[in-house]
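Undergrad: whatever this is, show me its structure:
(2 chains)
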Protein chains: 2
Amino acid sequence: MQFERAAIAGVGLIGGSLALAARAAGLIGEVIGLGRSQANLDTAVRRGIVDRVARDGAELGRVDLLVLAVPVRSTASTAAALLPHLAPGTVLTDVGSVKGEVVDAMHALLPSDRPFVGGHPIAGGERAGAAAADAQLFRGARCILTPTARTDRAALARVRALWEGVGAHVEEMSPAAHDRALAWTSHAVHALAYALVRAIDAADPALLTRGGPSLREATRIAASPAELWRDIFLANAAPVNDAIAGVIRELERVRAAVTAGDAAALEALLAAAVAAKRRGEGER
Amino acid sequence: MQFERAAIAGVGLIGGSLALAARAAGLIGEVIGLGRSQANLDTAVRRGIVDRVARDGAELGRVDLLVLAVPVRSTASTAAALLPHLAPGTVLTDVGSVKGEVVDAMHALLPSDRPFVGGHPIAGGERAGAAAADAQLFRGARCILTPTARTDRAALARVRALWEGVGAHVEEMSPAAHDRALAWTSHAVHALAYALVRAIDAADPALLTRGGPSLREATRIAASPAELWRDIFLANAAPVNDAIAGVIRELERVRAAVTAGDAAALEALLAAAVAAKRRGEGER
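TA: Modelled structure (predicted):
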């Protein structure tokens, strides 16, 4: 057992799935849930995701792990509110989609005997809440940990063991490298899905009910919680803006070739995309 | 049986799947395949998709149906080459993703005793060729037919029966209405996928191998054949450009809110997308 008693702040899809999976694997003994929504916490208790709930830090009792699974920009404030109730040696970790801002804030907040390990499991989707929690969610998924020079090595090893124990492939990289990569592979992809739905809805809302499989796939993640993604975009603003600008630039290239009726240029643009996509699949 | 002997020009994913499904359902007796690639035609014969192949119209013999399943901008020229070998009464139909340009060209080309029915099954994807043909591809899919005042009603009824017989839900609309709707629900979606892959490849090709499920879903269709999509974008240029411009406009809105750090505006933008997506799902 890696941790005897863990608190999960935010028993949503990610926090709830981690609790389910870690308890099933015998990695955590007891789990205490914290959250804003009583209805969601009731669901978490009913589904056996948490043993009990705490309304605040005073009700926590002694824990040796705090998992922060709240919207990115609530991570540090949630940790600050609970900190007076955390004994020395308690390990803190998070699951947020942006790491630089969160890691900096946590290092500024925490004393060295309450070590923090930044983490980001690449899993989830548009479903939300304890009702969607799934003990298999992390099986085969990547989980990125973002240690820095300040990160406690023993805490890092324990958090790594937790994620490996629930089936994730753990990688380590710097917070900045994580944020740059995720801006392209996830954050801009979500921005595109939201923008596509907004554009279609503005043109003719009925079209959203009538698309084929490609539209459904392209817009699935546009049902992802607005509050979570507001925080992610703002906490990773510069890389996200770069990535969106890069996509707009490529869309303008396609438009220019279409407007000019330049079949050769258009086919070259598309063929390069096909080739890049195939290379990416071949190396996966 | 709707048709005794059908020629399929272009035995790819769509043409090949229609041949397989229609023969299995007893809707077509014999199928003759035409195409540019001998290797693909060999695959079609080996898989039992076609009974035999013809190198040109002279080898066709008498058919009562010609299905044009070639890139959109090759539809009329393919029909023109075969027309001298088609007996009066032969029904022509197509499966192209753009209808206005094709329907106009076919009406200009064909005498009234060789009736044309424009069609577009909303199925397929990034796979290509006779090797990918699947008798179940159209089961439950929508198929749009685009009759005009010039369309022969008996031919329309026979083509409708063919698609319904392979499991598709047939709808009728004007070519212009089809092209406007598809620009949003399919053509712009493909442009986005191509642009996203190009942008990521330009930033860091390794990222294409490292994304999670949302990136894989968003870029799946970027493996779709460049030649097909070049023709679709060019044949539906104005609606496609409008749709791409609409998406760019919404992306710029997201960027502006992120750049300004305006959390309330950003959340409102995203929440409206979530609501529109949910409405679309509810009405599906």
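
Undergrad: skipping adjacent residues, who's closest to the most centrally placed residue in chain A in space?
TA: Nearest to the mean C-alpha position of chain A, by C-alpha atoms, centre = their mean, lies A:Ser97 at 3.8 Å. Excluding the flanking residues, the one nearest A:Ser97 by C-beta to C-beta, 6 or more residues apart in numbering or on different chains is A:Ile232, at 4.8 Å. All C-beta atoms are positioned from the backbone trio N, CA, C, and that covers glycine.

Undergrad: so that neighbour sits against A:Val98, correct?
TA: Yes: using C-beta atoms under 8 Å, A:Ile232 makes contact with A:Val98 at a distance of 5.6 Å.

Undergrad: and those two? Which one has more around it.
TA: A:Val98 (28 against 25; other C-beta atoms under 10 Å in any protein chain shown).

Undergrad: so that one belongs to a strand, correct?
TA: No: when DSSP: H, G, I helix; E, B strand; the rest coil is applied, A:Val98 is found to be coil, with no strand at that position.

Undergrad: which non-adjacent residue is nearest the residue in the stretch 101-250 of chain A that chain B sits nearest to?
TA: Nearest residue of the stretch 101-250 of chain A to chain B (C-beta to the nearest C-beta) works out as A:Leu208 at 3.0 Å. Of all residues not flanking A:Leu208 in the chain, B:Gly280 sits nearest, at 3.0 Å (C-beta to C-beta, 6+ apart).

Undergrad: and A:Gly211, that's in a strand?
TA: No: using three-state DSSP, the secondary structure at A:Gly211 is coil, not a strand.

Undergrad: list the contacts of it.
TA: Listed by C-beta atoms under 8 Å, 6 or more residues apart in numbering or on different chains, the contact partners of A:Gly211 are A:Thr219, B:Thr185, B:Ser186, B:Val189.

Undergrad: will you turn those residues into JSON lines that also has pLDDT?
TA: Shown next, in JSON lines, are the contacts of A:Gly211 (pLDDT from 0 to 100):
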{"residue": "A:Thr219", "pLDDT": "93"}
{"residue": "B:Thr185", "pLDDT": "95"}
{"residue": "B:Ser186", "pLDDT": "95"}
{"residue": "B:Val189", "pLDDT": "96"}
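
Undergrad: just to revisit the earlier point, how about the residue nearest to the centre of chain A, what does it touch?
TA: So A:Ser97 contacts A:Val72, A:His120, A:Leu182, A:Ser186, A:His187, A:Leu228, A:Ile232, A:Asn236 (C-beta under 8 Å, 6+ apart).

Undergrad: same check, this time on A:Pro88
TA: A:Pro111, A:Asp113, A:Arg114.

Undergrad: also A:Ile49?
TA: Taking C-beta under 8 Å, 6+ apart, one finds A:Val11, A:Gly16, A:Ala19, A:Leu20, A:Val31, A:Gly33, A:Thr43, A:Ala130, A:Ala133 in contact with A:Ile49.

Undergrad: so the third one sits against A:Ile8, correct?
TA: If I follow you right, that is A:Ala19. Yes: A:Ala19 is within contact range of A:Ile8, at 5.2 Å (criterion: C-beta under 8 Å).

Undergrad: any idea how far A:Ala154 is from A:Ala238?
TA: 33 Å (C-beta to C-beta, to the nearest Å).

Undergrad: likewise for A:Glu281?
TA: Counting by C-beta to C-beta, the gap from A:Glu281 to A:Ala154 is 39 Å.

Undergrad: over to A:Gly140?
TA: 27 Å.

Undergrad: now A:Ala191
TA: With C-beta to C-beta as the criterion, A:Ala191 and A:Ala154 are 38 Å apart.

Undergrad: same deal with A:Ala19?
TA: For A:Ala19, the distance to A:Ala154 - C-beta to C-beta - is 23 Å.

Undergrad: neighbour count for these two, which is higher?
TA: Legend: neighbour count by other C-beta under 10 Å for A:Ala19 and A:Ala154, higher for A:Ala19 (29 against 11).

Undergrad: ok but the more buried one is inside a strand, no?
TA: No: under three-state DSSP, A:Ala19 falls outside any strand and is assigned helix.

Undergrad: check the nearest residue to A:Ala181 once chain neighbours are set aside and give its pLDDT.
TA: Closest residue in space to A:Ala181, ignoring its immediate chain neighbours: B:Leu207 at 5.9 Å, by C-beta to C-beta, 6+ apart. Looking at B:Leu207, its pLDDT is 94.
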